[in-house]
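J.: Structure, please.
(chains A and B)
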Number of protein chains: 2
Amino acid sequence: MTTRKLQLFVPAITPFADDLSVDTAALVRTGKALIASGAHGLAPFGTTSEANSLTVAERIPALEALIEGGIAGSALIPGTGCCAAGDTIELTRNAMELGCRGALMLPPFYFKGVPEDGVFAAFANVIEAIGDTRLKLYLYHIPQMTGVPITLSLIERLLKAYPDTIAGLKDSSGNWDNTKSVIEAFPQIDTYSASEAMIPVNATTGGAGCISASANVNPAGIRALIDGLGTPQEAELLEQVASIRKIFESIPLIPSIKAAVALQHGDPNLARVRPPLAPPPATADAQIAEAVRIAATAKGATL
Amino acid sequence: MTTRKLQLFVPAITPFADDLSVDTAALVRTGKALIASGAHGLAPFGTTSEANSLTVAERIPALEALIEGGIAGSALIPGTGCCAAGDTIELTRNAMELGCRGALMLPPFYFKGVPEDGVFAAFANVIEAIGDTRLKLYLYHIPQMTGVPITLSLIERLLKAYPDTIAGLKDSSGNWDNTKSVIEAFPQIDTYSASEAMIPVNATTGGAGCISASANVNPAGIRALIDGLGTPQEAELLEQVASIRKIFESIPLIPSIKAAVALQHGDPNLARVRPPLAPPPATADAQIAEAVRIAATAKGATL
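T.: Residues are numbered from 1 along each chain as shown, chains lettered A, B, ... in the order given. Alright, predicted model coming up:
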């Protein structure tokens, strides 16, 4: 069993104004609240952030605002992977130049059934185009959205070609066997689970922690679990995070997470989503309220 | 049986220079050759065009170059659908202002399992943001890439809300039953098949024609089939287009189409693809050459 200290990065929601423009002030405010509640950092502009519903011109100033708002670059792993290489390069270079810890990178995700050579070349082109040893990439495996898996053999090829650049992986597949395979095959990189319920097994196998959508609602509970690993409280702490996780698995994830955050902050504006997402059904209201109630029971919870 | 005249629009390939930048001159040259060979128009910046591998800043001047190069706006239905509404609006407005016949629009395609309300709102937002009666949209149904189908009920809602804007649909699902359902339910819009092998049934059910990847290689053959519908030559003409179509169904479609076009023009540069696509395997060479040979047998073939 490893004694490595796990970390929690939150794929922070992106608040929208009533005209659906990015509400940068609310992004900074909610982001800082997550860190104040125990998150080690943010992974903004990921799936939960609706990043692919934002243009490059919207994403760059929003990331800059997080840093200007006082969040350290070392605590930020923004998502930067787009379909077009030019967009990915622009976002990734910007993140690097702002001093971010790294960039969480989707593969190009329009085409399906693409050969591994093509996916390797897509990542390689971005790395070569930026050509800077400061660049640190976290590969983003979420095949249920992209249709383009980050396979073990692809990771191996990328690590062989760019050992100083490939820094980690986020496994959003929900398949623990896959996460475990990555952790065991590539102990030199940081492998994050997408579910906080996997934190104990992530820890015992040598993983790096968790980047979870529901951490937007329960950062304190997840941090308490990380801090409580190996203590007599571990089972109880795990039960708290798992119960919230389970609620969100039965209702539309991102709209329900945003609705919960809106309840926590007393600000209905935070619940807005951009199409093609839609507000959660009214039938989810009680479950969302229950998740908020459980989140407030966490030690250190401030909302 | 309808006597409506079908049309062929070609989802033109996007040529790339050796640094993988868009080769605009080659785009115009190959695009004009397609029209000279019998295509009624182009549907550039679709799937075969690798459009989602291009940035907005690459797509706008490339479309402008096609028009400046002498292709009439009325012969152009460029693809404009991106994940981010801001990008879709910018591309669509540009296409409209350039006088294009319409815009072929993908739904936002990152998220999967989104509710129909959300997809409707995504299209509605673009239409309302542009707010111009000149706007004509062709819905792009290609669920094997997007994971977001354009359902009959969605078309019905869009037509009810925007009867003067929704002009057509391209069905790339490969499911003729679906195409037929759309044609029969919505005779007021132009429904295109993605396979030239469906041209005879498209014609007899009241469809508008075909927007097919392999039309990049065989525009003259497909045009000859359209012109020969109902003549004693129809079966032979159908056999010619279907045999080429069948070849490309057994090898990686877009890289093989580009390799075939490169052979036809005697210009290996035209074969380049951007990652995540990769060149076709060498084992496909003979099939690609055979497709080119059959294409040259078409009446009116110039390459």
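J.: Spell out which parts of chain A neighbour chain B.
T.: Counting by C-beta under 8 Å from any C-beta of the partner chain, chain A comes close to chain B at A:20, A:47, A:52-58, A:83-87, A:107-112, A:114-115, A:117-122, A:124-125, A:144-145, A:147-148, A:252, A:274-278. In short, each C-beta sits where N, CA and C put it, glycine included.
J.: at 7 Å instead, please
T.: A:52-55, A:58, A:83-87, A:107-112, A:114-115, A:117-119, A:121-122, A:125, A:144-145, A:148, A:274-278 (C-beta under 7 Å from any C-beta of the partner chain).
J.: What would I type in PyMOL if I wanted to highlight the buried members of those residues and nothing else?
T.: A single PyMOL command selects the buried members of the residues of chain A next to chain B (16 or more other C-beta atoms under 10 Å in any protein chain shown):
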select buried, chain A and resi 52+53+54+55+58+83+84+85+86+87+107+108+109+110+111+114+115+118+119+121+122+125+145+148+274+275+276+277+278
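J.: Select from the residues of chain A next to chain B every entry located in strands.
T.: The strands, defined by DSSP state E, take in nothing from the residues of chain A next to chain B.
J.: Need the residues that contact the helix or strand of chain A with the lowest mean pLDDT.
T.: Ranking every helix and strand in chain A by mean pLDDT, DSSP states H and E puts helix A:199-205 at the bottom, with a mean of 95. Applying C-beta atoms under 7 Å, 6 or more residues apart in numbering or on different chains, the contact partners of helix A:199-205 are A:1-2, A:6, A:176, A:180, A:183-184, A:193, A:209-210, A:225-226, A:229, A:234, A:238.
J.: picking that back up, so which of the residues of chain A next to chain B belong to helices?
T.: Per DSSP state H, helices hold the following members of those: A:58, A:85-87, A:117-119, A:121-122, A:125, A:144-145.
J.: In those, find the pair that's most separated.
T.: Maximum pairwise distance among those (C-beta to C-beta): 32.6 Å, between A:Glu58 and A:Asp117.
J.: Can you give me the neighbour number for A:Asp164?
T.: 10 (other C-beta atoms under 10 Å in any protein chain shown).
J.: One more: A:Pro268?
T.: 10.
J.: ok, now the one 3 residues further on?
T.: Counted with other C-beta under 10 Å, residues neighbouring A:Ala271 total 22.
J.: Could you measure from it over to B:Leu106?
T.: 27 Å (C-beta to C-beta, to the nearest Å).
J.: picking up where we left off before, list the buried ones in the least confident helix or strand of chain A?
T.: Going by neighbour count (16+ other C-beta under 10 Å), the buried part of helix A:199-205 is A:199-200, A:202-203, A:205.
J.: can you tell me how far A:Ile189 sits from A:Pro200?
T.: Separation of A:Ile189 from A:Pro200 (C-beta to C-beta) stands at 20 Å.
J.: Also A:Leu277?
T.: 31 Å.
J.: Repeat that for A:Cys82.
T.: 34 Å.
J.: Same check on A:Arg274?
T.: In terms of C-beta to C-beta, A:Arg274 sits 35 Å off from A:Pro200.
J.: so is the residue of chain A positioned farthest from its centre in a helix, a strand, or just coil?
T.: No residue in chain A sits farther from the centre than A:Pro232, which is 28.7 Å out by C-alpha atoms, centre = their mean. Secondary structure assignment for A:Pro232 (DSSP: H, G, I helix; E, B strand; the rest coil): coil.
J.: And the pLDDT at it?
T.: Here, the pLDDT recorded for A:Pro232 equals 97.
J.: A:Met1 too?
T.: Listed pLDDT for A:Met1 reads 45.
J.: Also the one 4 residues further on?
T.: With respect to pLDDT, A:Lys5 scores 86.
J.: And the nearest residue to it once chain neighbours are set aside, how far from A:Ala39?
T.: Of all residues not flanking A:Lys5 in the chain, A:Ile226 sits nearest, at 7.8 Å (C-beta to C-beta, 6 or more residues apart in numbering or on different chains). A:Ile226 is 10 Å from A:Ala39, where distance means C-beta to C-beta.
J.: Look up the residues that both of those two are in contact with.
T.: Going by C-beta under 7 Å, 6+ apart, residues that sit against A:Ile226 and also against A:Ala39 are A:Leu8.
J.: those strands in the stretch 201-303 of chain A, which residues are they?
T.: Under the criterion DSSP state E, counting those that start in this stretch, the stretch 201-303 of chain A carries strands at the ranges A:209-211.
J.: Okay, now the unreliable bits of chain A?
T.: A:1-4 (pLDDT under 70).
J.: Return the distance of the residue lying closest to A:Ile142 once chain neighbours are set aside relative to B:Glu184.
T.: Spatial nearest neighbour of A:Ile142, chain neighbours left out: A:Ser172 (3.9 Å); criterion: C-beta to C-beta, 6+ apart. Per C-beta to C-beta, A:Ser172 is found 41 Å from B:Glu184.
J.: And these two? Which one has more around it.
T.: Counted by other C-beta under 10 Å, A:Ser172 and B:Glu184 do not tie: A:Ser172 has more neighbours, with 25 against 13.
J.: so the more buried one sits right up against A:Ala194, yeah?
T.: Yes. With contact defined as C-beta atoms under 7 Å, A:Ser172 reaches A:Ala194; the gap is 3.9 Å.
J.: can you give me the offset of stretch A:285-299 from its chain's centre?
T.: 21 Å (C-alpha atoms, centre = their mean, to the nearest Å).
J.: Buried ones in it, by neighbour count?
T.: A:287-288, A:291-292, A:294-295, A:298.
J.: Just the ones of those in helices?
T.: Among the buried residues of stretch A:285-299, DSSP H puts A:287-288, A:291-292, A:294-295 in helices.
J.: Nearest to A:Tyr162 among those?
T.: A:Ala295 (38.8 Å).
J.: which residues sit in contact with the closest one?
T.: A:217-218, A:221, A:244, A:301.
J.: re the thing from before, which of the contacts of helix A:199-205 fall within helices?
T.: The helices, defined by DSSP H, take in A:176, A:180, A:183-184, A:225-226, A:234, A:238 from those.
J.: which among those residues end up buried?
T.: Neighbour counting with 16+ other C-beta under 10 Å marks A:176, A:180, A:183, A:225-226, A:238 as buried within the ones in helices among the contacts of helix A:199-205.
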